[in-house]
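> fold the following, please.
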Amino acid sequence: MTPLDPVTLTGRHVKLVPLTPDHAPALAAVVGDLHRLWYTSIPAPEGMQAEIARRLSLHDKGTMLPFCILSPDGTPVGMTTYMNIDTTTPRVEIGSTWISAQVQRGPLNTEAKRLLLAHAFDTLGCIAVEFRTHRLNTQSRRAIERLGAQLDGILRAHLRAPDGLLRDTAVYSITAGEWPVIRRHLDWQIEKPRGA
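The predicted structure follows:
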């Protein structure tokens, strides 16, 4: 199996399925105002079909494996990907993720990342998994740090955003050697009683 082979990953709180154009209407209905955040790139409802087409095109080019994130009842609530896929090393980045505000700050996102990490390390044999976000996206940075990822550094003036501003990118990673303890940590986070 390679990082580009479509796969369904199932947990108790979330299911990750291969992204298809059929997911566009449901995703457009739940994206809300997330596309208005200046420090990230999330499609507006009217741009959802084009964003799905872009991700599927990158899959065809061998650089991305896109997923639709489903809630336990099967409702699409966001998207995520393996991207910047290096099949030689092997390593992947988990990114281009957005999740509806209605299901944020619960076990869904943590379990989604746990499923992606387990597949990357345990099935694909990755030596490292990377996460990248805007240096000023504190919500995303805290979520990545809660996973147990380590900050590798800041890439200064790394990318030009659609509005022309330069983005500093915070780069995090988890290595294969760290995965056993990170897995235990994530399992505890997902299953711990509220308030613990």
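
> ok, L4 - contacts?
Contacts for L4 (C-beta atoms under 8 Å, 6 or more residues apart in numbering) come out as H59, G62, L65, I85, T87. Every C-beta, even on glycine, is put in place using the N, C-alpha and C of the backbone.

> again but with V77, I slipped
Taking C-beta under 8 Å, 6+ apart as the contact definition, V77 lies against V30, I69, L70, S71, I99, S100, Q102, V103, L108.

> do a quick rundown of the strands in this structure.
Assigned by DSSP state E, the chain shows strands spanning 9-10, 15-18, 64-70, 76-86, 91-99, 128-134, 150-160, 166-175.

> quick one: strands adjacent to the first one?
Strand 9-10 has its sheet partners listed here by DSSP bridges as strand 15-18 (antiparallel).

> in the partner strand, which residues are buried?
K15, L16, V17 (16 or more other C-beta atoms under 10 Å).

> ok, those vs E178, which is closest?
L16 (22.0 Å; C-beta to C-beta).

> can you list the low-confidence ranges for the protein?
193-196 (pLDDT under 70).

> go with 90
Applying pLDDT under 90 to the chain flags residues 1-4, 32-42, 101-106, 139, 159-165, 167, 191-196.

> separation between A157 and F131?
Counting by C-beta to C-beta, to the nearest Å, the separation of A157 from F131 is 20 Å.

> with D168 instead?
In this view, D168 and F131 are 15 Å apart by C-beta to C-beta.

> who's more crowded, these two?
F131 (23 against 13; other C-beta atoms under 10 Å).

> grab the nearest non-local neighbour of L147.
Among residues not flanking L147 along the chain, K113 sits closest, at 5.6 Å (C-beta to C-beta, 6 or more residues apart in numbering).

> same question for T123.
That would be M1: by C-beta to C-beta, 6+ apart, it lies 6.0 Å from T123.

> what number of residues lie near the one you found?
M1: 9 neighbours (other C-beta under 10 Å).

> just R12 next, same as before
11.

> so it sits against T110, correct?
No: counting by C-beta atoms under 8 Å, R12 stays clear of T110, with 11.3 Å between them.

> isn't the residue nearest to T123 up against L124?
Yes: in this structure, M1 is within contact of L124 by C-beta under 8 Å, at 6.6 Å.

> show me what contacts L147?
By C-beta under 8 Å, 6+ apart, L147 lies in contact with T110, K113, L117, F131, I174, I182, L186.

> quick one: which of those is most hemmed in?
Ranking the contacts of L147 using other C-beta under 10 Å puts K113 first, with 27 neighbours.

> ok, back up a step: which of the contacts of L147 fall within helices?
In helices, defined here by DSSP state H, the members of the contacts of L147 are T110, K113, L117, I182, L186.
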